[in-house]
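1. Here you go, sequence then predicted model.
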Amino acid sequence: MFVKIFMKEWRENILIFALAILMMISIAILNLSGQQELTLQFSGLFLLLFLPLAALLLGSGGFYTEYKDNAWVFLFSRPIKKEILWIFKFVSQLSILVAVFVIFYFVRRFLPGLDKIFQDLDMNYPDAFGDLFSLSLYIVLPLMAFTIAFSLSLLYDKQFIIFFVSILIGTGLMFFWQNYIYFLWARGFYVKNEGIFSLFFTLSFVIASILTLAKSDFSQVGKKIFRFSAYVLIFLLISFFISTVWVTRGQIFSARGDFSIWYYQVHQGNLYFQDFRQGILRYDPDQEKITRLNKESRFSFESFSMRAGKIAFLQIKSRRQWTNDLWIMNADGTGARPMVESSEKDSLFYKKRTISFILSHDGNRVAFITTHYEKEGAKSVRIHTLWRINTDGSGLLSQVLDVPESQEAKLIAWPSFGDSLVVLVQAGPFTHQKSSQIRLVDLDEGTSQVLVENILVPPAWHLLPSQDYLTFKIRKDDDLKESLILLNLKTLEATELFSADFLKLWRGKWSPDGSKIAFSRERELWIYDVEEKKLEKISQRNYDYEIGFDWTLDGQQFILLAPIDGENQLVIMDKNFQEEKTIKIPMQFKGAITVRGLENGAILKVTGKGNFWRVNLETEEWKKVF
Amino acid sequence: MGEILQVKNLYKSYGRKQVLKHFNMSLEEGKVYGLLGKNGEGKTTLIRMIMGIIPGDKGTILYKGTEIKFNHPGYKKEVGYIPEDSIFFGWMTIKKLMAFNSSFYPKWNAQKACEFLDRFELDEKVKIKNLSRGMKLKLGLIVALAAEPELLILDDPTSGMDVPTRYDFLKGLIREILEQGTTILFSSHLVHELEGIIDHLGILHDGKLILEENFEHVKNSAKKVHLTFDGAVPDGLDIDGMLTKQTDGNKCNIGIYPWSEDLKQDLDALHPTKMDVESMTLEEIFIHFVS
């Protein structure tokens, strides 16, 4: 019975399948004929939207032929339960989508030019995130779109209405959920696995659809829609409740709650990091003590700037207006005060949202970028403004930045010399990254100079502590090769450190004295000596893909995470990168580990685990510190 | 013989319109049940409820003494259904439809399907969307019969058939089906077609059965009476069982069900100068009942 229904569904949807194949052949021909630019323009949008749209088209016609030929009477008078029929139809049509996906995948894999486009669409994330992005875009999103549209398709015979209603409902629910997650964040909840709601709400539609088919009169559209709405509302509420518990379970079921850290700094031997719920924390390795620095209970963003004993950080002021305030405090948590008052009507910063900020090298000044909207005729235009102010509140300077629509400016460096600020103007998501550029802005002179264009990777984590150098990845216009560039901000001398097809760069770290930069590519670790202008691969070991590494604070040792003999070990090297010893990591983990060097020790943070581990490099003693 | 199908106290409404109310019916095994009703009276709705295509609001349907619950389709393996309109996927060829449909029925008789295709001169390579209405109905008949049903439900099947096919269907095929022991529920608004075929008659009107009786009994009990009086028709001419009354001067025609000797004596007591009693055709019975 299933086989017959399977064949029927394929036959009915063969045109959609054929159309999909035709589109892919067109792309392949364009690609093979060397029309790269045309392929880029055409296929960029196509590849992004093709699978979700194909899925919507297929799903929204789920019961179309049953309506069209009045064949629902025929099918429903056969000896088969309606829920079984629903599932058979669903699986059969899903197999069409899967077939399209498989062909799509192979077309991508076997055409190098197309794979290149995908690299761009994946935003050059390292594989872990790139795969996640691909998974969402090419599997989860189409699957959700198909399932929702198919579930709705039994309600009405107009396919295009189902098509658009599916888009509206899907995006509406996602929008609602994202705002709800933000609402939770803003109230200090640590939220993780928030994507679970997508699964639950999609399932709600499936269950509501099956129940409606099994219990309703198919011929009565009004009653059918009413019943479906009632079911879906009930299941959405249940989904909402379960998802809320799921995403906040760390906090609900644990006294301490979970936390997430990706940004931290070391100052005077202490580790500073930021927790979603508790704000900025300081870990003192000597006293083995964690101190909470900002006493404000309101949510802080997961980033802060720290220079010369000062910390700048953001706090939400008004969620409704999407504004936040820039605060500053001393490294010991004293003297916390706002630099920006975005909710005061008479303030210069009223309704301005701070999106990026950085402290000067001496910690006496802070620069930040705000955005706000201004009316230009009937259109609202987003304005980026760069500000600089002394931490005592004096000497305010500003300059409106020329940032194209759909792009965003970000402060990435404040060099130790002069008063210039380094600004990254970054393309938003789903635009080609060639348009990202780095500018040098001088607020005193009111000048802005474009240093480099075609940036592929935001270079924040490659910065030298003195912030006098930048490293970033570019792609040359006339070449598909990507290059890793080191830029001396003082002399503006650019050095190409590495050039290859698809530079899969992951981590980069500068030595504490700023003389060397280490970066990992594929499974290799490379060191560039800035003074000697020498690049070398430091080990032939088959390292973990996402290598965790760092120098100790005195720069005398280099710590590297590597799987050796099937076990995760820390490789300790001297300053010349000769192996001194290996230390076995005692705990089991999945996912990436971040390594942070301390004075004669290291801190390890396991992604997703929420724990800090400290190891003493001399005694090889391990201790869970948070 | 027992009852293969029983409908008890069935209700169904569409919005504010009550289509069936307090509807009761029973089909005896191996018989032909003629269900008569005007267009829009709810015959198709009733049949769709029996076939489990749509749910009822209230009431019970029993198949071989077991209650049919909505979306419990096991009994449908034994029930053939021919709707008034085409309900097949237009893109399918006849051959594909047969293959598709056979997967639902364990007792599917492919040979019988082929024989019927020959008999009705249907080419199995032809797509269903290219068939005429009459041919689609023939196809529906084949699809239903090849499943070897114990109960065959025909929902106004002949309205699109050409005359020879209809004749073959009504005079030949129905008999053949009955000879195999299949029970038939024959719904129609073309009343005259059922005469000579049905064993039992049900007349659906205003959402309920206003008559359900053995057809021979109905034929014998439904009478047209023509009365002639000397003077005007008496005012008190109002007797039990009178379905219709038409007065024209000193003449009066009345339809009566059920006819009895007592009624004849009551009419005699009115002293008509002339009284003629005639049997009614099925069409006349139907008209008298629903008028």
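-> Okay, I see it. Numbers count the residues shown, from 1 in each chain, chains lettered A, B, ... in the order given.

2. and chain A, which residues reach chain B?
-> With C-beta under 8 Å from any C-beta of the partner chain as the criterion, chain A meets chain B at residues A:1, A:3-4, A:7-8, A:11-12, A:65, A:68-74, A:76-83, A:214-220. Using the backbone N, CA and C atoms, a C-beta is placed for each residue, glycine as well.

3. So how do I select the buried members of these in ChimeraX?
-> Applying 16 or more other C-beta atoms under 10 Å in any protein chain shown to the residues of chain A next to chain B, the buried members can be selected in ChimeraX as follows:
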select /A:1,4,8,12,65,68,69,70,71,72,73,74,76,77,78,79,80,82,214,216,217,218,219
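
4. Take the residues of chain A next to chain B and keep only those in helices.
-> Within the residues of chain A next to chain B, residues falling in helices by DSSP state H are A:3-4, A:7-8, A:11-12, A:65, A:68, A:71-74, A:76, A:82-83, A:214-215.

5. What strands line up against the helix or strand encompassing A:Leu497, and which way round?
-> Element membership for A:Leu497 (DSSP states H and E) is strand A:494-500. Here strand A:494-500 is paired, per DSSP bridges, with strand A:482-488 (antiparallel).

6. Next, the contact list for B:Thr273, please.
-> The contact partners of B:Thr273, taken as C-beta atoms under 8 Å, 6 or more residues apart in numbering or on different chains, are B:Thr228, B:Phe229, B:Asp230.

7. Could you double-check that A:Gln274 sits in contact with A:Phe304?
-> Yes - taking C-beta atoms under 8 Å as the definition, A:Gln274 is a contact partner of A:Phe304 at 5.9 Å.

8. so what's A:Tyr328 closest to, chain neighbours aside?
-> Check again: residue A:328 is Ile, not Tyr. Excluding its sequence neighbours, the residue lying closest to A:Ile328 (C-beta to C-beta, 6 or more residues apart in numbering or on different chains) is A:Ala312, at 5.1 Å.

9. Count the residues that sit near the one you found.
-> Neighbour count for A:Ala312, taken as other C-beta atoms under 10 Å in any protein chain shown: 23.

10. same thing with A:Leu492?
-> 11.

11. distance between the strand holding A:Leu497 and the chain's centre?
-> Chain-centre distance of strand A:494-500: 26 Å, with C-alpha atoms, centre = their mean, to the nearest Å.

12. could you dump that strand to CSV, C-alpha only?
-> Presented in CSV, the C-alpha positions along strand A:494-500 are these (Å, rounded to 0.1, in the frame of the first residue of the first chain):
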residue,chain,number,x,y,z
ALA,A,494,51.0,44.5,4.6
THR,A,495,52.7,41.1,4.7
GLU,A,496,51.1,38.0,3.2
LEU,A,497,51.6,35.2,5.7
PHE,A,498,49.9,32.4,4.0
SER,A,499,48.0,31.9,0.7
ALA,A,500,46.0,28.9,-0.3
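
13. what's the neighbour count on residue 149?
-> The chain I'm using is chain A. A:Ala149 has 27 neighbours, counted by other C-beta under 10 Å.

14. Switch to chain B, please.
-> Look at B:Pro149: counted by other C-beta under 10 Å, it has 22 neighbours.

15. Which single residue of the stretch 151-291 of chain B ends up nearest chain A?
-> At 9.2 Å from chain A, B:Ile153 is the closest residue in the stretch 151-291 of chain B, using C-beta to the nearest C-beta.

16. name the helices or strands packed onto the lengthiest helix in chain B?
-> Ranked by residue count and defined by DSSP H, the top helix of chain B is helix B:133-145. Helices and strands in packing contact with helix B:133-145 are listed as strand B:79-82, helix B:94-102, helix B:110-119; criterion 3 or more C-beta pairs under 8 Å, 6 or more residues apart in numbering or on different chains; DSSP states H and E.

17. show me where the chain has helices.
-> With no chain named, the answer covers chain A. With DSSP H as the criterion, chain A has helices at A:2-12, A:14-32, A:36-60, A:64-68, A:71-76, A:82-110, A:112-121, A:127-134, A:141-153, A:159-186, A:196-215, A:221-247, A:249-253.

18. sorry, should have said chain B
-> Secondary structure of chain B, counting by DSSP H: helices at B:43-50, B:94-102, B:110-119, B:133-145, B:163-167, B:174-179, B:215-221, B:261-268, B:282-290.

19. Just name the most buried of those helices.
-> helix B:43-50 (a mean of 24; mean count of other C-beta atoms under 10 Å in any protein chain shown).

20. does it come close to chain A?
-> Yes - Helix B:43-50 reaches chain A (C-beta under 8 Å from any C-beta) through B:Arg48.

21. how distant is that helix from the center of its chain?
-> With C-alpha atoms, centre = their mean, you get 11 Å for helix B:43-50.

22. just to revisit the earlier point, take the helices of chain A and lay them out in JSON lines including mean pLDDT.
-> Supplementary listing: the helices of chain A in JSON lines, determined by pLDDT from 0 to 100:
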{"stretch": "helix A:2-12", "mean pLDDT": "79"}
{"stretch": "helix A:14-32", "mean pLDDT": "75"}
{"stretch": "helix A:36-60", "mean pLDDT": "71"}
{"stretch": "helix A:64-68", "mean pLDDT": "85"}
{"stretch": "helix A:71-76", "mean pLDDT": "90"}
{"stretch": "helix A:82-110", "mean pLDDT": "87"}
{"stretch": "helix A:112-121", "mean pLDDT": "58"}
{"stretch": "helix A:127-134", "mean pLDDT": "49"}
{"stretch": "helix A:141-153", "mean pLDDT": "93"}
{"stretch": "helix A:159-186", "mean pLDDT": "86"}
{"stretch": "helix A:196-215", "mean pLDDT": "93"}
{"stretch": "helix A:221-247", "mean pLDDT": "93"}
{"stretch": "helix A:249-253", "mean pLDDT": "59"}
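
23. Out of those, indicate the one that is most buried.
-> Sort the helices of chain A by mean neighbour count, taking mean count of other C-beta under 10 Å, and helix A:141-153 sits at the top with a mean of 25.

24. related to what we said a few turns ago, quick one: the residue of the stretch 151-291 of chain B closest to chain A and B:Lys43, what's the gap?
-> 11 Å (C-beta to C-beta, to the nearest Å).

25. which residues does A:Cys218 contact?
-> Rather than Cys, residue A:218 is Phe. Residues near A:Phe218 by C-beta under 8 Å, 6+ apart: A:Trp72, A:Phe76, A:Leu154, A:Lys224, B:Ile53, B:Ile54.

26. returning to that earlier point: and the angle from the longest helix of chain B to helix B:110-119?
-> Computed by axes from the mean of the first three to the mean of the last three C-alpha atoms, to 10 degrees, the angle separating helix B:133-145 from helix B:110-119 equals 160 degrees.

27. Which neighbours do B:Ile153 and B:Lys43 have in common?
-> Contact criterion C-beta under 8 Å, 6+ apart; residues shared by B:Ile153 and B:Lys43: B:Ser187.

28. returning to that earlier point: for the strand holding A:Leu497, buried residues please.
-> Going by neighbour count (16+ other C-beta under 10 Å), the buried part of strand A:494-500 is A:Leu497, A:Phe498.

29. can you give me the mean pLDDT across that strand?
-> Taken as a whole, strand A:494-500 has a mean pLDDT of 83.

30. One more: stretch A:367-382?
-> 85.

31. Show residues contacting that stretch.
-> With C-beta under 8 Å, 6+ apart as the contact definition, stretch A:367-382 has outside contacts at A:312, A:326, A:339-340, A:349, A:351-358, A:360, A:383-389, A:401, A:403, A:405, A:408-411, A:414, A:421, A:423, A:443.

32. re earlier: of all the helices of chain A, which lies closest to A:Gly548?
-> Proximity to A:Gly548 (C-beta to C-beta) singles out helix A:127-134 among these, at 12.7 Å.

33. For chain B, give me its nearest residue in the stretch 151-300 of chain A.
-> For the stretch 151-300 of chain A, C-beta to the nearest C-beta, closest residue to chain B: A:Asp217, 4.3 Å.

34. Tell me if I'm right that that residue and A:Lys224 touch.
-> Yes - judged on C-beta under 8 Å, A:Asp217 makes contact with A:Lys224 at a distance of 7.1 Å.
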